[in-house]
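Engineer: I'll drop the sequence and a predicted model, then ask my questions.
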Amino acid sequence: MNKFAGYGFNKSHAAAYALVAYQTAYLKANYPVEFMAASMTFELGNTDKLNVFRQELARMGIPLLTPDINRSHSEFSVEVLPDGQGKAIRYALGAIKNVGSSAMEALVQEREENGAFCSLSDLAQRLDRA
């Protein structure tokens, strides 16, 4: 038993980590835009990590679109570029510093229920002030 404990635990974990590494590599290679959007959403509150992802997007040639109250979601999302020029990632409203995710979820819900915001005063009138 003692001899097995010296290598058995490590081997079983190495196999599990290898499977996760294979799945991660497959997703990044075959669904790069979706994979990066999900990875960035996972690190939503970590601005240092988001900067690393932004650099990786530039290296991969994937556009990162600016936040837009009429298009962004509270999490990072994938958008199809006009004229079928591929896909891009839209910056998450919830990733903006000092802006709460729950407030951005409420903004997105209001936009989906009542249409796009047409002005700053329209935005201020339609959102709950609390």
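Structural biologist: Sure, I can see it. Fair warning: this is a prediction, and the values are worked out from it, not measured in the lab.

Engineer: do a quick rundown of the strands in the protein.
Structural biologist: Counting by DSSP state E, the segments of the chain that form strands are 64-65, 77-80, 87-90.

Engineer: what lies in contact with the second one?
Structural biologist: Yep, that's strand 77-80 we're talking about. 33-34, 37, 65, 71, 86-90, 92 (C-beta atoms under 8 Å, 6 or more residues apart in numbering). Glycine gets a C-beta too; all of them are placed from N, C-alpha and C.

Engineer: grab the nearest non-local neighbour of the residue most central in space within the chain.
Structural biologist: Centroid-nearest residue in the chain: Thr41, 2.9 Å away (criterion: C-alpha atoms, centre = their mean). Excluding its sequence neighbours, the residue lying closest to Thr41 (C-beta to C-beta, 6 or more residues apart in numbering) is Glu75, at 4.3 Å.

Engineer: just list the residues touching the one you found, thanks.
Structural biologist: Per C-beta under 8 Å, 6+ apart, neighbours of Glu75: 37, 41, 44, 92, 94.

Engineer: could you rerun that using 10 Å?
Structural biologist: 37-38, 40-42, 44, 90, 92-95, 101, 104-105, 108 (C-beta atoms under 10 Å, 6 or more residues apart in numbering).

Engineer: Leu65: neighbour count?
Structural biologist: Leu65 has 14 neighbouring residues, counting by other C-beta atoms under 10 Å.

Engineer: for it, give me the pLDDT.
Structural biologist: Per-residue pLDDT puts Leu65 at 95.

Engineer: count of residues packed around the closest residue to it other than its chain neighbours?
Structural biologist: In this structure, Leu65 finds its nearest non-sequential neighbour in Arg90, 4.7 Å apart by C-beta to C-beta, 6+ apart. Counted with other C-beta under 10 Å, residues neighbouring Arg90 total 20.
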